[in-house]
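> Sequence plus the predicted model coming up.
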Amino acid sequence: MSHSNTTKTASNVPITLPPDLSVDKLHSFHPFTSWLSTLESNLNSQRTDSSHPFASDPYSLRSITIQSVDFFGSRIGFLKLKADVRNSQNSHLPGSIFLRGSSVAILLIPELEESPDEKWVMLTVQPRIPAGVIDLVELPAGMMDDQSKTFAGTAAQEIEEECGITIEEDGLVELTALAKGPVYMSPGGCDEVTRIFLCRQKVKSETLKEWQGKLTGLRDRGEKITLKLVKLEDVWRETADAKALAAIALYDGLMKDGKAKL
């Protein structure tokens, strides 16, 4: 692919862009500026921490090549880029990257009013063409498209859009904030980190029956979602979704450690 323009980062690292991407548009894409800031901060730690494994010959960012961009309307949706990171011996670190930004996932646990100890989990079944699957069972989730919103606010919105259930932002507990932090979904090739929220709701058994198999999602945006309710203890048997499995592990671990009144 031919490239038409170049720019530089604040630390003087050259960036090569494709013809359909402007410098201003690139720097308005929060996932890019966040990734770059995080990378440069971590590279700097090699020089400030003498115990760092790379302290004797630190790696540095030499250049960035934006290979392609996908637009969602007028805004950037995805970026594919390569980062040239190497040390004085010309040893390089893998740097092929798919940038898409942060996401949220919601562990929604309906508890039966008639049987308080009976806990269920709300899952969604939907096509995921990038995975080659048309009926993936997973947690309700979504991307942080609007940086003006809070993570909890985005999570509440996703529950409403994907499940048709309205919840208040203050009714959510961020499990990842009570543990090590956001979950890296595919750190070998993608920047995405996911914040996982817990929401518990008391419901009647009739409501549970109404939700099971309900068709939801923003159909005009291509979302074809079917709700699936599974008992909490059976979630790990019902899905191969990393978000769901991470959520269950966090929930179980935090409950055992008593770190939060979940």
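Everything's here; your move.

> For the rest of this, base every contact and every neighbour count on C-alpha atoms.
OK.

> So if we follow the domain assignment, how does the protein break up?
5-99, 103-257 (automatic domain parsing).

> Tell me where the model's unsure across the stretch 151-262 of the chain.
Confidence mapping of the stretch 151-262 of the chain against pLDDT under 70 gives the ranges 217-223, 259-262.

> burial count for Asp135?
Residue crowding around Asp135 was assessed by other CA atoms under 10 Å; the count is 15.

> I'd like the next helix or strand past the helix or strand where it lies.
Using DSSP states H and E, Asp135 sits in strand 133-138. Once strand 133-138 ends, the next helix or strand along the chain (criterion: DSSP H and E) is strand 141-143.

> can you give me the offset of that next one from its chain's centre?
Counting by CA atoms, centre = their mean, to the nearest Å, strand 141-143 is centred 7 Å from the centre of its parent chain.

> For it, give the mean pLDDT please.
Average pLDDT, strand 141-143: 87.

> Quick one: the strands in the stretch 51-200 of the chain, in order.
Per DSSP state E, counting those that start in this stretch, the stretch 51-200 of the chain carries strands over the ranges 60-72, 75-86, 92-93, 96-99, 103-112, 120-128, 133-138, 141-143, 173-174, 183-184, 193-203.

> Go through these and pick out the most buried.
strand 103-112 (a mean of 24; mean count of other CA atoms under 10 Å).

> how about it as PDB, C-alpha atoms only?
Provided in PDB are the C-alpha atoms of strand 103-112 (Å, rounded to 0.1, in the frame of the first residue of the first chain):
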ATOM      1  CA  SER A 103     -14.700  -2.500  26.300                       C
ATOM      2  CA  VAL A 104     -17.100  -3.400  29.100                       C
ATOM      3  CA  ALA A 105     -18.800  -6.700  30.000                       C
ATOM      4  CA  ILE A 106     -21.600  -7.300  32.500                       C
ATOM      5  CA  LEU A 107     -22.200 -10.300  34.700                       C
ATOM      6  CA  LEU A 108     -25.900  -9.900  35.300                       C
ATOM      7  CA  ILE A 109     -27.100 -12.300  38.000                       C
ATOM      8  CA  PRO A 110     -30.900 -12.600  38.400                       C
ATOM      9  CA  GLU A 111     -31.900 -14.000  41.800                       C
ATOM     10  CA  LEU A 112     -35.300 -15.600  42.200                       C
END
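
> And that strand, how far out from the chain middle?
Relative to its chain's centre, strand 103-112 lies at 16 Å (CA atoms, centre = their mean).

> what's the answer for stretch 34-53, then?
Remark: stretch 34-53 is offset 23 Å from the chain centroid, using CA atoms, centre = their mean.

> same thing with stretch 22-39?
Centre-to-centre, stretch 22-39 and its host chain are 17 Å apart (CA atoms, centre = their mean).

> could you give the angle of the host helix or strand of Thr226 to strand 133-138?
Thr226 belongs to strand 225-231 when elements are defined using DSSP H and E. Counting by axes from the mean of the first three to the mean of the last three CA atoms, to 10 degrees, strand 225-231 lies at 40 degrees to strand 133-138.
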